[in-house]
Structures are given as C-alpha cells and as structure tokens.
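[1] no sequence on this one, just coordinates:
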C-alpha cells in the first residue's frame, strides 16, 4: 500500500483529519489517566482489613442514666455478649481497621527526640483483642488481663506493654529486632513492645502502621466488637441487642452493623468515583467511535466518484478497504503520539495537584493501543460500504 | 426569517437521520456527562456561604512550637495546628477584635424525649454570634444572646430533624428537652440547614448532615461536655477536665466576621501581637506564627474535596470537549455535503449572511435538541449518582445539592446551544463561503 497518495489526499482535507486526530489524542489522554485512577482506587478498596472480616459485627451503645458503676456495667455487657451461643469473643473498641474514627501518636526511640521516629494509629483493646479480631501474631505474645488499664477522658496514660503491626515494627526498627524494645509515646512514658502482629489495615484505609494498647475505654458510650462462628452472625446480632436491653433498659443501641458495612461506608466515595469514571470512559470510547464512523461515512460519500474511478482502473475491493484503514491508522497514529504526550503531561499535573501516583508509560501506551484498535474497528463499516461501490459509478458520475 | 430558517433546519435534520442522531447524541452525551459531574463537584466543593464567604475568617496560631511534629502538621511541622486550645479560644473571645465572632466545638449527647426512646445526637456548643454570623435560618423562635452565654444558661436551639423527632406533636419552642441528663429550654428551631461542605469544622465530617442541637459554649464547658470530633494534642494531658482546659490540645474552632480589609489587617496584627505576648509571658518559646483564612481558603487548606472527585470533573470537562470536536466534524460533513443546496440558494439571491444565519440556526437547533437530551441524561446521571451515594431521603441536604435546580437546567441549555454554535462556527463559515457558480457548475 502506498502511503504517499493517502497523505497527499489527507493534506487536501486537513480539517476533518485534524478534528479526528485531536479527538483521538484527547481520548487517549483521558482514558489512560482515568484507568490509572480507577486502578489506584481499586487497590485501596480491595485491601484486606487483616481481621476476620466476614464474622465480625459492631454495635455502639450509650447508657443514658449515668450509672455510678460504669466499669462493672461495661464488663457485664461484654460477659453477656461472650456467653451468647455462636460468639467466639467480644471486646470494646474506639477505632477500627477501615473504620471512620482514628487516633494517632508519634513513637520515639528516645525520650528527648525532636521528631518521632514514626507515627502510628492507635487501637484500644483488652486481653480479648487477639481472639475478637482474629489477628495473627508473628512474634511475641498478646496482652494478659492484668496488663489492661482503664482509659478515661482526659486521664490518658500509656500502658507499659504494647503490640505493634509488622509495618510499624519495621518503621521503628528496620533491622527487625522490634520485639522487647522500649519506645516512648510521650517524653515521660515508655512502653515495651511485647508482640508483633501481621498487617492490619489502618482506620480509613491509610498506611498500616498501627499499635495496640491494652486500654479499656470507661465511658458512657461504648463500641463493642463481636466475632461469631461462621454462619451465625445474623442470629447473634439479633440476640445481642435483646440481651443488652435485658441487662439495662435505659440505653441507646445504634450502629448495629456487620463489619462489611463499615468497609462499604469507608470506601463509598472511592466506589462512586470509580464507577463514574468507568462510565465516562465507556461513553468516551463510544462517542469517539461514533465520530469516526460519521466522518468516514462522509468521506466515503464525498469520494464516491474517485473510488469508482479507482475500481474501474483495476483496484480490488480489498485495496479500497485498505485505503480507508491506512488513512485512519495515519490519523489515529498521529493522534496517539499527541495523546501519549498529553496524557503524560496531564498525569504529572494530576499527580502533583490531586495526590495521585504517577501513571506508568506502559499504561499510557496500552491505552493508546486500545484506542487505535477501536478506531480500526470503527472505520470497518464505512470502509466496507466504500469497497462495495461499483466501478460503474466512474462512468455515471460526471 | 428565523422561523423559516428553523423550519429549514428541522427539514434538513430529517433528511439524514443517522448523522443527525450522531450529532445530537454526541452533544447530549457530552452535556449530560459534564453537567452531572459539575453538579456533583458543585455539591462537594461549592462555596457553602457564597454571599459571605470572603468576610468570614478563621485564624491559626502556633500554640505548639516548631518542635512538635504531629501527624497532621506536615513532615517537618510546617503546618500550624488546626483549631485552638481553650486558653487561646477564650483569649480571642475576650479580645473581641471582630464585630461578630464565635467559638464552637462538636458534641454528642443522648436526647431523652418525654414520650419516646432516648437516642444519640450530634450537635455543637457555640456562642451567640454563630447564628447571625452564619445566617442560620430559623423556622420558629430565636437564637440565644450574649446574656445566655455569660450566664451559662441551659438553653438550646434545635435542628429541624431533631425537633421533629423529639417533639412530633408540634412546636418545640418554649418546651424543655433533656439532653445528656439535663433539662434545656428550647429557644428556637432551625429550618433545614446544613452548609456543605461544613466549612466551620471540616475536620469533624465535612459532609455530615446539619447540627442536631446547639447549646451555649460556656454552658457546655461548665458541664464538662467532651468534644466529639477533631481534637489534636501536642502532649496528652492527664488530670481531668481542668487539665484538659489548660492543656495544649486544640479542639475549638473560632470564626470571625471581618467586613473590611482594614479590619482583616487589624485582626492579623492583633493575633501576631497576642502570640508575641504569649512568648514574653513565657508560654511560647518560639517566634510568633499566625495565619488567617477565609472560607474558600480554609476548605482548600483542609483538602476537603478529595482529589479523585476533582479528577472526575476534569475528565468530564475534557469529555465535553471531545463531544464538541465530534459535533464539529459531523457538522462539517453535513454542511460540506450540502454545497449544492447553498450554491443554489446563493444563485437565487441569498446573501452570505443569509446562508450563515441559516447554518447558525441549524447549529443552534442541534444544540437545543442535544441540550434537551443532555438534560434528560443529567437527570438520569444524578439519579444514578444519588443511588450510588445511598442518598434516599429527598429532604436531606446532600439530596438537594445533587439535584437539578432551575438554574442548572438553564445553564445546561445555554451551554449546549452556545457550545454547539461555537463548534459550528467554522463549518458555518465554510458553508457560507460557497461560490454559487462553482457549485452549480459541478452538476
């Protein structure tokens, strides 16, 4: 196939080619950036919580009658929950992996450090935490009952023993010798790392550097986490509410939800954004394909006499077909080169302004390839129509 | 004449149904997508109090010093603390450097209605100027004043939803309501009100529903009602409520209305002097660092709109451009293939201007039809968006925002017509340049 005559023909019809080329460039730039955002959101949404997600539910309760024996009431609630049939274990909580609330604290290796070595999310648990969440210890041990201290508003003390996630352990002690080390959460309070657990997602789904503190919140409002045997969750959720009301009627129970709901809430916006972006990408490809079909149809109609002449002079149908496909490839190829450049440029801006990671060149090229194939497919129908123009048109036209 | 052109346009649109459908479809889909995204973005990043946002300011003060690198202070502690310590908030209120100013913090309490089950609600402890300063609309009753603040009175203003739930039988004003075990006299009930994003406290949930109840700040402090929302401590206090009040924890928001540039300048100077004074008193061991943000600035500073949402609107806008490029191409094809028609009209005495007007009318007609289609698609897109966001309650504030209002409908149609006419300008110009003789000769 000779490219030169096609190029010459294109030069005589610059506007149409320019429009299609620009459109393809924009399409590629948008497509690869959107795909890269969708991919990043997907990674965030798919991250495991690091706990027994399927069998955990959560509920919040608040006593409305200011009980003087608050701690005993909370312990009573927990004992009642643990004794329900189907329950593996139950514990109190303030923050949850992938949950909405978060607390953070800087961790230093020396008491007088200017900046903390790492910042960790705080989880507050008792000796029941390990079984309640189904955490995996990779080193050391979990808390004993006598290590658990009370946590009251504005009476904050930090405990003598803490458990850290392996990510926080690595951030603090890259050599891997975190177990048994002493760290400072404030300049005056030191704690010893007695255990290391496998990856647990952070509240809100951020960096997985977290620590577990053996502290039981003593507060009118409490959050309970309950882990059940597989298949019993729905029944236990109903039973739990009834049992707690039996123990104390003057209370509010709300947010009784399975853990899966907490995950869904946290990632709701990410889900919406990726669905919207996917829809826009699909529409974009459809519109671009339609545009190519429309304009090529017009070109075919415009060149009917010329096509007839070429056919009369011996060009085969496949030659006509090849002409339109090559022409489209030239335009789309030029558009793709522009689009790859534009896509990378847009991505640099996006990464800078919107805190997204940079897209790889391979991603952009893959996007360009998809669009090129789509363009070739779109041009097929008008090209087939062109190929079916009979040579006799040449004789009729003038 | 325009009516005649309109009729011609409709007739020509009917002639080539495929091309017409392609064009109207492209314009419609483009408009529908970008308007859906625009509405969504508007709902998340709109100026929540447009007529006042440039006059409302929240200051920042370095109460921790450069030594402390807290989680949200940036890598090197270059960001100032967000919010105020109790000491500084009280000092700001007492200095009274603004015609209107208010302190506030989010609280959660159990509500115990006389006749139904107790429930938890979120509200806010604030001071009297909150209501006039933020133009909070009242359905009945009135806000409290300076006197109630000074006397730490047990008064409350209820949000529309909480009032309806706690007093289903009717007007709550004048009645008492038990909040967290204490009786409060209800002074007023708000109309549904929830600025989105909640600019005055974006770190305690920028897209939460409106306040359930509001009580005086001084009363809440006296009753030791804890903050339920954003709080940050450079050093964790021990020793109960008094220690918390004297600690370096920041948890109180402060807003001031500063109508003139001179007042803004004075306020900033005063703030700087205050920080310098605290240094002289030996409380701060570092040079003064202060800042002052208006509403829009504050939302940007706190990164309220997620990056991915802004990316969506960028993508949707480029999508509209692609759709318009598409329409230009197809329009070019339409007009070019009708060279004969235009040549004939020119030969019969139509001026270039006539042909031009005819083509513009046709473009505008396509734009209008595309706009109508776009409107339908926008409505469809917004319905989809609402169901994705799980917004089912039609009275909720988010629902109101993620909806088409008459202004949006008008904007959509105007944008559609204007964009299509602009896109059609080049094809139109080319069409009107047709030489009558040349076109006729081809026959």
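    Everything's here; your move. All figures in this text were calculated on a predicted structure; none of them were measured in a lab.

[2] Can you list the low-confidence ranges for the chain?
    I'll assume chain A. Scanning chain A with the threshold set as pLDDT under 70 gives A:1, A:156, A:354-356, A:394-398.

[3] Chain B, not that one
    B:43-44, B:67-78, B:391-402, B:437-443.

[4] Give me the residue at the spatial middle of it.
    Nearest to the geometric centre of chain B sits residue B:46, at 2.3 Å (CA atoms, centre = their mean).

[5] who touches stretch B:140-149?
    Applying CB atoms under 8 Å, 6 or more residues apart in numbering or on different chains, the contact partners of stretch B:140-149 are B:127-128, B:130-132, B:136, B:153, B:155, B:157, B:171, B:173-174, B:186-189, B:216-218. To be clear about C-beta, it is placed using only N, CA and C from the backbone, and glycine gets the same treatment.

[6] Pull the distance from the strand or helix carrying residue A:39 to the chain's centre.
    Residue A:39 belongs to helix A:14-46 when assigned by DSSP states H and E. When C-alpha coordinates are averaged (CA atoms, centre = their mean, to the nearest Å), helix A:14-46 and its chain have centres 19 Å apart.

[7] With stretch A:376-393 instead?
    For stretch A:376-393 - counting by CA atoms, centre = their mean - the centre lies 45 Å from the chain centre.

[8] buried sites along that stretch?
    Applying a neighbour-count criterion of 16 or more other CB atoms under 10 Å in any protein chain shown, one finds A:376, A:378-379, A:382-383, A:386-387, A:389, A:393 buried in stretch A:376-393.

[9] Can you tell me which of those residues is nearest residue B:379?
    In terms of CB to CB, no member of these lies closer to residue B:379 than residue A:378, at 29.3 Å.

[10] Roughly how far does the closest one sit from residue B:420?
    Per CB to CB, to the nearest Å, residue A:378 is found 23 Å from residue B:420.

[11] And residue A:347, by the same measure?
    30 Å.

[12] swap in residue A:332?
    Residue A:332 sits 25 Å away from residue B:420 when distances are taken as CB to CB.

[13] who's more crowded, those two?
    residue B:420 (32 against 29; other CB atoms under 10 Å in any protein chain shown).

[14] Contact partners for that one?
    B:27, B:324, B:327, B:363-364, B:366-367, B:370.

[15] Would you mind listing which of the residues you listed are buried?
    B:27, B:324, B:327, B:363-364, B:366-367, B:370.

[16] For residue A:174, state which of those is nearest.
    For those, with residue A:174 as the reference and CB to CB as the criterion, the closest is residue B:324, at 54.2 Å.

[17] from what I can see the closest one touches residue B:419, true?
    Yes: counting by CB atoms under 8 Å, residue B:419 is a contact partner of residue B:324 at 5.5 Å.

[18] Between the two, which contacts overlap?
    Taking CB under 8 Å, 6+ apart as the criterion, residue B:324 and residue B:419 both touch residue B:27.

[19] I'd say residue A:374 and residue A:289 touch.
    Yes: using CB under 8 Å, residue A:374 is in contact with residue A:289, at 5.7 Å.

[20] The stretch 101-250 of chain B: helices as residue ranges?
    Assigned by DSSP state H, counting those that start in this stretch, the helices in the stretch 101-250 of chain B fall at B:130-133, B:146-150, B:160-166, B:217-222, B:240-246.

[21] closest one to residue A:315 among those?
    The nearest among the helices of the stretch 101-250 of chain B, by CB to CB, is helix B:160-166 at 74.8 Å.

[22] Now do the buried residues in that closest one.
    B:160-163, B:165-166.

[23] rewinding a little: weed out the non-buried ones from the contacts of stretch B:140-149.
    Buried among the contacts of stretch B:140-149 (16+ other CB under 10 Å): B:127-128, B:130-131, B:136, B:153, B:155, B:157, B:173, B:186-189, B:216-218.

[24] okay if I get the contacts of residue B:420 as TSV plus distance to chain A and secondary structure?
    As requested, the contacts of residue B:420 are exported to TSV (distance: CB to the nearest CB, whole Å; DSSP: H, G, I helix; E, B strand; the rest coil):
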residue	distance to chain A	secondary structure
B:27	10	helix
B:324	10	helix
B:327	9	helix
B:363	15	helix
B:364	20	helix
B:366	13	helix
B:367	16	helix
B:370	12	helix
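
[25] Most widely separated two among those?
    B:324 and B:364 (14.1 Å).

[26] so what's residue 324 up against?
    Just so you know, I chose chain A. For residue A:324, the contacting residues are A:296, A:299-300, A:379, A:382-383, A:386, by CB under 8 Å, 6+ apart.

[27] ah, I was thinking of chain B
    Residue B:324 neighbours (CB under 8 Å, 6+ apart): B:26-27, B:30, B:419-420, B:422-423.

[28] May I see these arranged in a markdown table, with secondary structure and distance to residue B:302 as well?
    Output for the contacts of residue B:324, formatted as a markdown table (DSSP: H, G, I helix; E, B strand; the rest coil; distance: CB to CB, whole Å):
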| residue | secondary structure | distance to residue B:302 |
| --- | --- | --- |
| B:26 | helix | 39 |
| B:27 | helix | 38 |
| B:30 | helix | 33 |
| B:419 | helix | 34 |
| B:420 | helix | 39 |
| B:422 | helix | 37 |
| B:423 | helix | 39 |
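
[29] just curious, which of those residues is nearest to chain A?
    Nearest to chain A out of those is residue B:26 (CB to the nearest CB; 5.6 Å).

[30] Neighbours of that closest one, how many?
    Residue B:26 has 30 neighbours, counted by other CB under 10 Å.

[31] correct me, but it touches residue A:290?
    Yes: between residue B:26 and residue A:290 there is a contact at 6.7 Å, judged by CB under 8 Å.

[32] Need the overlap of contacts for the two.
    Each of residue B:326 lies in contact with both residue B:26 and residue A:290 under the rule CB under 8 Å, 6+ apart.

[33] The helices of the stretch 101-250 of chain B: which one's closest to residue A:45?
    helix B:160-166 (31.1 Å).

[34] is any part of that closest one close to chain A?
    No: residues of helix B:160-166 are not located near chain A by CB under 8 Å from any CB of the partner chain, the shortest gap being 13.0 Å.

[35] Would you mind pulling up the elements that that helix packs against?
    strand B:100-112, strand B:119-126, strand B:182-190 (3 or more CB pairs under 8 Å, 6 or more residues apart in numbering or on different chains; DSSP states H and E).

[36] Give the closest residue to residue B:143 in space, chain neighbours not counted.
    Residue nearest to residue B:143 in three dimensions, not counting chain neighbours: residue B:131, with 3.7 Å by CB to CB, 6 or more residues apart in numbering or on different chains.

[37] Contact partners for that neighbour?
    B:138, B:143, B:157.

[38] Tell me the one among those nearest to chain A.
    The nearest one, if we look at those relative to chain A and count by CB to the nearest CB, is residue B:157, at 21.8 Å.

[39] Might you enumerate the residues of the stretch 101-250 of chain B proximal to chain A?
    Proximity of the stretch 101-250 of chain B to chain A (CB under 8 Å from any CB) is limited to residues B:108, B:110, B:112, B:117-120, B:181, B:226, B:235-241, B:243-244, B:247.
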